[in-house]
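Undergrad: Need coordinates for the below:
(chains A and B)
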Protein chains: 2
Amino acid sequence: MKNTDVVIDCLQYNNWDRALFQATQDSGVHSVHVTVSYWENMQETLLNISRWHRQFENHSDLIMQVRTAADVIEAKASNRLGIVFGFQNCSPLNDDLGMVRILHELGVRFMQLSYNNQSSLATGCYEKNDPGITRFGEQVIREMNRVGMVIDMSHSAEQSTLEAIALSSRPIAITHANPVFFHPALRNKSTAVLQALASSGGMLGLSLYPFHLKNGSDCSLEQYCEMVADTVEVMGIDQVGIGSDLCQNWGYETLEWMRSGRWTFDADHGEGSVDNLNWPEQPSWFRNSQDMKNIAQGLKQQGFSIEDIAKVMGNNWLAFFLNSFESG
Amino acid sequence: MKNTDVVIDCLQYNNWDRALFQATQDSGVHSVHVTVSYWENMQETLLNISRWHRQFENHSDLIMQVRTAADVIEAKASNRLGIVFGFQNCSPLNDDLGMVRILHELGVRFMQLSYNNQSSLATGCYEKNDPGITRFGEQVIREMNRVGMVIDMSHSAEQSTLEAIALSSRPIAITHANPVFFHPALRNKSTAVLQALASSGGMLGLSLYPFHLKNGSDCSLEQYCEMVADTVEVMGIDQVGIGSDLCQNWGYETLEWMRSGRWTFDADHGEGSVDNLNWPEQPSWFRNSQDMKNIAQGLKQQGFSIEDIAKVMGNNWLAFFLNSFESG
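TA: The predicted model follows:
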C-alpha cells in the first residue's frame, strides 16, 4: 500500500462505541460513511448529530469528522478513523429546501433522495410505480449540487435514478448496492443505471449485505470478486468502490426501524420475509472491517493490479470526495 | 329555507378577524371548512391550531369549532359560524403515520394527500408524472378511514385521485375544484374522476376561484349555474356542494407562500403567470360569503327545485360530514 492510498467504506450503519471505533481503526479502514438519519425528523436528526459531537469529543484520539477529502488524509495521517455523515432518506427536509445548506454546514455529505418508499423528491425501489424526480426533487438536486452534498440513489427506483443522474450537474453516487446481473434484488441496479452512472463520473459502492449477494450469506469471496471484475468491465476501474452496508451491534428493533420507520403500523419485512425476519448472517469472509483485507486479497487472486485494488478499496472514493464535498 | 337546512362553504382560506367572522355569520353561511396547514411542519401547524383556539376563546359568541355533523347544527342553532379544520397538504405528517390520529383528536377533518407537487402519499396536479398512491399513502388512507378524517384530492393528480377513491373504504371529497369540461385547468377534474367520486358516494365542492372558471373573473353567474347543472347531470344531485376557495384579506406574500412554500427558492406562479402574479379578481357576483345568496338565486333561475338548491348549498355536505367525521 502506497503512502497516499486510503481505504474507505462508503456505508456502514453501526451502533458505535469506543471498542468499535478502535477495531475499525485497527482494521486499516481510514474513513467510513455513517448514517445519521433514515426516518428521523429534523429535531431527531439534530439529536443524532449532537450525539456524534459527543463521540468526537470523547474519542478525539480515535475518530474525527470528515467534511472534505483533505480530512480523509488528515484522519489517516493522525491514525484516526474519519467519519462522513450521510442520510439514507430525506425526512429531515420536511418540504423545506433551505434545510439542504443547513445540513451541509453540519457536515452531511450524502443524502439519499428516497429510502425504499416514494418521497417528496424521488421514488424508492419498493414502490410499484416510479414517476422519476419530482418538482421539489429538481430543486433539491440543484441545491445539493450548489452546496456540495452528494446525491445517493442506493434505495431509489430505476427511473428516478436515471433522472437524478441526468439532472445533477455533478456526479452522483450509489453508495451501497450491487448489479442486478449479479443478484436480481429490488435494491440492486440495472446495467443501464450502472452505465449512466459511470459515464457521468458517478460512483458505485459495492455492498456486502447478504440480501444483495448471489447465494446470500453463502456467497463466496471468489464470486464476490468476480462480480467486482464484472462491474469494472461495465463501469471502468475508476468508478467502483466499496460500500459494505455493514450493520454492527444492533438488535432486531433497529432493523424494524430501518424497514418500517413510522410509515406503517404493520410489520414491513423489507428484504427479509415472515420466515426470515432478523438480520441476515454475514458471509464468513466479511464479518467486520478487519475483513476488508479479504476483499483486497480476493481481488488480487482475481487478477487485479495493486494499483487497481487500491482504487477499489478507497482511492476512487477519495477522488470522488475531492470533487463532491465543497460548493461547486 | 327549512329549519333543518344548512349552508356550508367547504373551503375558504381567509385572514380571519372578528369583522370577517361577523360578516360571514351575517351572510347566512353556517359552517366553513378552513385551512390550517399547507407547507407547515407539525410545530407550525400546532401553532396555527393554537391561534384558532385563541379565536374560539375570544369570539365564542360568534364562532365555534366543528368536530361532528351535530356541531354544524349546534352552530346554526346558536347563531354562530362553525369552523371545520382541514389541511391542504400532508407536510405535518413528516413520514409519521401516528400523526393522523393526533391531528384528528385536534379536530382536523380534511387532509389533502398532496398539494400541487408530489408528496410521500400521492401526486399533485402540477407534476409531469403520476404514479398513483404510494406505499405510505395506502397506510395513511387506511388510518384516515379508521379515525374519521376525510381524504381530499382537490390539488392531486388524476391517477392518484382515482386510486384514492378506490382504496378508501369511505367516500372521499374534492372540496374545491370544477369539472374540466367547464374549464380545462390542471386543477379541475376529469369526468372520469367525477363519475368515480360520485359512484363511491364522494362529494365535489364547486369552486369560485377565478382560475377554475370559464372566462376567469368574467365568468357569469349564469355560466356558473349551468356548470352546476351539468355537474349534477354527471354526479347526481346528492354529491355536489360548494367549496368556494374564497381567499380574503391576504396580501401577495400569502399567495407566494401557497404556491412556493419552502420547496423552491425561485418564484412558482402556480395558476398565475409572470404577467399575472397577484390574486385574481373575484367575479362581480361572488366577492364574499354574502354572495352565496347569488348562487342560490342563480340555481333557481337555472330551474333547480328549492330542495335541490338546499342540497347544493349545504345539506349535501352536512350528510357527508355525518358519515365522515367519526371513527368508522
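
Undergrad: could you list every residue that touches A:Pro210?
TA: A:216-217, A:219, A:280-283 (C-beta atoms under 8 Å, 6 or more residues apart in numbering or on different chains). In short, each C-beta sits where N, CA and C put it, glycine included.

Undergrad: So which bits of the stretch 101-250 of chain A are right by chain B?
TA: For the stretch 101-250 of chain A, the contact set with chain B under C-beta under 8 Å from any C-beta of the partner chain comprises A:117-120, A:123-124, A:126-132, A:134-137, A:139, A:143.

Undergrad: thinking again about what came up before, can you select the buried ones from the contacts of A:Pro210 in PyMOL?
TA: The PyMOL command for the buried members of the contacts of A:Pro210 (criterion: 16 or more other C-beta atoms under 10 Å in any protein chain shown) is given here:
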select buried, chain A and resi 216+219+280+282+283
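
Undergrad: Show only the entries of the contacts of A:Pro210 found in strands.
TA: Judged by DSSP state E, strands contain none of the contacts of A:Pro210.

Undergrad: Present the contacts of A:Pro210 as CSV; the columns should include pLDDT.
TA: Below are the contacts of A:Pro210 laid out as CSV (pLDDT from 0 to 100):
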residue, pLDDT
A:Gly216, 97
A:Ser217, 97
A:Cys219, 98
A:Pro280, 93
A:Glu281, 95
A:Gln282, 97
A:Pro283, 98
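
Undergrad: Closest to chain B out of the contacts of A:Pro210?
TA: Closest approach to chain B among those (C-beta to the nearest C-beta): A:Pro280, at 22.2 Å.

Undergrad: my guess is that closest one contacts A:Tyr209, does it?
TA: Yes - with contact defined as C-beta atoms under 8 Å, A:Pro280 and A:Tyr209 form a contacting pair (7.2 Å).

Undergrad: Helices of the stretch 151-300 of chain A, start to end?
TA: A:158-167, A:191-199, A:221-235, A:252-260, A:292-301 (DSSP state H, counting those that start in this stretch).

Undergrad: any chance of the ones you listed in JSON lines, with mean pLDDT too?
TA: Formatted as JSON lines, those follow (pLDDT from 0 to 100):
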{"stretch": "helix A:158-167", "mean pLDDT": "98"}
{"stretch": "helix A:191-199", "mean pLDDT": "98"}
{"stretch": "helix A:221-235", "mean pLDDT": "98"}
{"stretch": "helix A:252-260", "mean pLDDT": "93"}
{"stretch": "helix A:292-301", "mean pLDDT": "98"}
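
Undergrad: May I see those helices arranged in a markdown table, with mean neighbour count as well?
TA: Conversion of the helices of the stretch 151-300 of chain A to a markdown table gives the following (neighbours: other C-beta atoms under 10 Å in any protein chain shown):
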| stretch | mean neighbour count |
| --- | --- |
| helix A:158-167 | 22 |
| helix A:191-199 | 18 |
| helix A:221-235 | 18 |
| helix A:252-260 | 15 |
| helix A:292-301 | 18 |
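
Undergrad: quick one: which of those is nearest B:Ile63?
TA: helix A:252-260 (40.8 Å; C-beta to C-beta).

Undergrad: Now do that closest one: which elements does it pack against?
TA: Applying 3 or more C-beta pairs under 8 Å, 6 or more residues apart in numbering or on different chains; DSSP states H and E, we find helix A:252-260 packed against no helix or strand.

Undergrad: May I have that helix exported as CSV, CA atoms only?
TA: What follows is helix A:252-260, C-alpha atoms only, in CSV (Å, rounded to 0.1, in the frame of the first residue of the first chain):
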residue,chain,number,x,y,z
TYR,A,252,-33.8,-6.6,15.8
GLU,A,253,-35.7,-3.4,16.8
THR,A,254,-33.2,-1.3,14.7
LEU,A,255,-33.9,-3.4,11.7
GLU,A,256,-37.6,-2.9,12.3
TRP,A,257,-36.9,0.9,12.5
MET,A,258,-35.0,0.8,9.2
ARG,A,259,-37.7,-1.1,7.4
SER,A,260,-40.9,0.3,8.9
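
Undergrad: now what about that helix, what contacts it?
TA: By C-beta under 8 Å, 6+ apart, helix A:252-260 touches A:13, A:15, A:38-39, A:116, A:247, A:266-270, A:272, A:277-279.

Undergrad: Please repeat the previous calculation with a cut-off of 6 Å.
TA: Identification of contacts with helix A:252-260 by C-beta atoms under 6 Å, 6 or more residues apart in numbering or on different chains yields A:38, A:268, A:270, A:278-279.

Undergrad: Ranking by neighbours, what's the top pick from these?
TA: A:Tyr38 (23 neighbours; other C-beta atoms under 10 Å in any protein chain shown).

Undergrad: And what about A:Val36, helix, strand or coil?
TA: strand (DSSP: H, G, I helix; E, B strand; the rest coil).

Undergrad: For it, give me its contacts.
TA: Residues near A:Val36 by C-beta under 6 Å, 6+ apart: A:48-49, A:85.

Undergrad: at 10 Å instead, please
TA: A:13, A:44-49, A:51-52, A:83-88, A:92, A:103, A:106-108, A:110 (C-beta atoms under 10 Å, 6 or more residues apart in numbering or on different chains).

Undergrad: same check, this time on A:Asn89
TA: A:Asn89 neighbours (C-beta under 10 Å, 6+ apart): A:35, A:37-40, A:111-117, A:119, A:121, A:124, A:155, A:258, A:261, B:95.

Undergrad: so where's the stretch 51-200 of chain A shaky on pLDDT?
TA: Applying pLDDT under 70 to the stretch 51-200 of chain A picks out no residues at all.

Undergrad: how about A:His33, secondary structure?
TA: strand.

Undergrad: what is in contact with A:Pro280 and A:Tyr209 at once?
TA: With C-beta under 10 Å, 6+ apart as the test, A:Pro280 and A:Tyr209 both reach A:216, A:247, A:271.
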